[in-house]
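Peer 1: My questions are about this predicted structure, shown below with the sequence.
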Amino acid sequence: MTNISFFNKKYNKLTKKQQEIYEYIISNYEDVAFLSLKELSRRANASEVSILRLCENLGFKNFIGLKEALRDNEKSNFSFKDIEYMARHSSDSKQKMKSLFKMICFLERKNVEDMIKGVEVDKFFECANELLNANDITIFGHNASKTLADYLSYRLIYLRLKASSIKLEDNDAVRTALARIDSNDFIILFSFPPYHLPTVEVIKYAKMKGARIITITDSINSPVITEDGYNFLCKTETPFFYNSLAMPMKFIELLTSFIAIQLGEQLDKIVKEELLVSQFINENTQFSEETESDKDY
């Protein structure tokens, strides 16, 4: 069965009207999959003949074939490349903007679903447990991935784990971090295209020192995949930037939530301690502001 996809040569042969119909279909694919030809004609403000010609030009035998493809997400698997292509080549209209928005939302949702489906719960549990027992956790990130390293470090520190984040471009910081790791430590690396090749050398050194390794990357073909460490995959493809941080951020939240669950009653203690500190700071800040205000008179 023919896939629903903008990224094909047939798209260039569509008339302007057919492009508008297709944009309507993609924007409302969940509804269109169950509409009659007559009803779609009414809603899309197009003749039934125009819709049937569009189906034929896209490679479907009839309108039923198009609807079957729409009902099956795997067969309607347009990609971020399709979005980029549509943004540059399709008609300029409000319907186009709506179509692009819905396509991006669909793919982001699908990426989250794929990531969650791909999580091995036992592996996740084992990894979280080992992190809880690590002496020290050093997290490395390059460029935008440093944001991910900072966020993961923040969450681990909140859970009372000894963690720090290192920018891979900072040679002095990397050298010092690697010099102090040992077999009771963990290193975590975020690596996404375009890959920062020195990351591989960090992994090699960490292995030599006997440290445990976690890699979060986008593909099993990534150069940072290890044979004996923990490898987790997060799709980061996006049409207009190098990477989307949405999936890795969600991964961080899942991993740290798993660690929090294992803390049990200790987590309640952490929350109480954090609240006490917040209350103390707020009360003293308010007192200081009132004192300063009194000085003005």
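Peer 2: Received the coordinates, thanks. Residues are numbered from 1 along each chain as shown.
Peer 1: quick one: the strands in this structure?
Peer 2: Applying DSSP state E to the chain gives strands spanning 136-141, 163-167, 185-191, 212-217, 230-233.
Peer 1: now those as CSV including mean neighbour count and mean pLDDT?
Peer 2: Where C-beta positions appear, they are placed from N, C-alpha and C, glycine not excepted. CSV is the format used below for the strands of the chain (neighbours: other Cβ atoms under 10 Å; pLDDT from 0 to 100):
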stretch, mean neighbour count, mean pLDDT
strand 136-141, 25, 96
strand 163-167, 20, 96
strand 185-191, 26, 96
strand 212-217, 22, 95
strand 230-233, 19, 93
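Peer 1: Include distance to L148 when you put those into a markdown table, please.
Peer 2: Shown next, in a markdown table, are the strands of the chain (distance: least, Cβ to Cβ, whole Å):
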| stretch | distance to L148 |
| --- | --- |
| strand 136-141 | 6 |
| strand 163-167 | 9 |
| strand 185-191 | 5 |
| strand 212-217 | 8 |
| strand 230-233 | 12 |
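Peer 1: how about those, which one is nearest F125?
Peer 2: strand 230-233 (11.5 Å; Cβ to Cβ).
Peer 1: Run me through the strand neighbours of that closest one, direction for each.
Peer 2: strand 212-217 (parallel) (DSSP bridges).
Peer 1: So what touches the partner strand?
Peer 2: 127, 130, 134, 148, 185-192, 203, 206-207, 222, 224-226, 228-234, 248, 251 (Cβ atoms under 8 Å, 6 or more residues apart in numbering).
Peer 1: Just the CA trace of it, in CSV.
Peer 2: Provided in CSV are the C-alpha atoms of strand 212-217 (Å, rounded to 0.1, in the frame of the first residue of the first chain):
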residue,chain,number,x,y,z
ARG,A,212,30.6,2.4,34.6
ILE,A,213,29.2,4.1,31.5
ILE,A,214,25.8,5.3,30.4
THR,A,215,25.3,6.8,26.9
ILE,A,216,22.2,8.6,25.7
THR,A,217,22.3,8.9,21.9
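Peer 1: where does the chain dip in pLDDT?
Peer 2: 1-9, 11-12, 73-93, 95-96, 99, 239-240, 242, 286-297 (pLDDT under 70).
Peer 1: Which among the strands of the chain is found nearest to L14?
Peer 2: Taking Cβ to Cβ, strand 230-233 is the member of the strands of the chain nearest to L14, at 35.6 Å.
Peer 1: Span of stretch 261-269 from start to end?
Peer 2: 13 Å (Cα to Cα, to the nearest Å).
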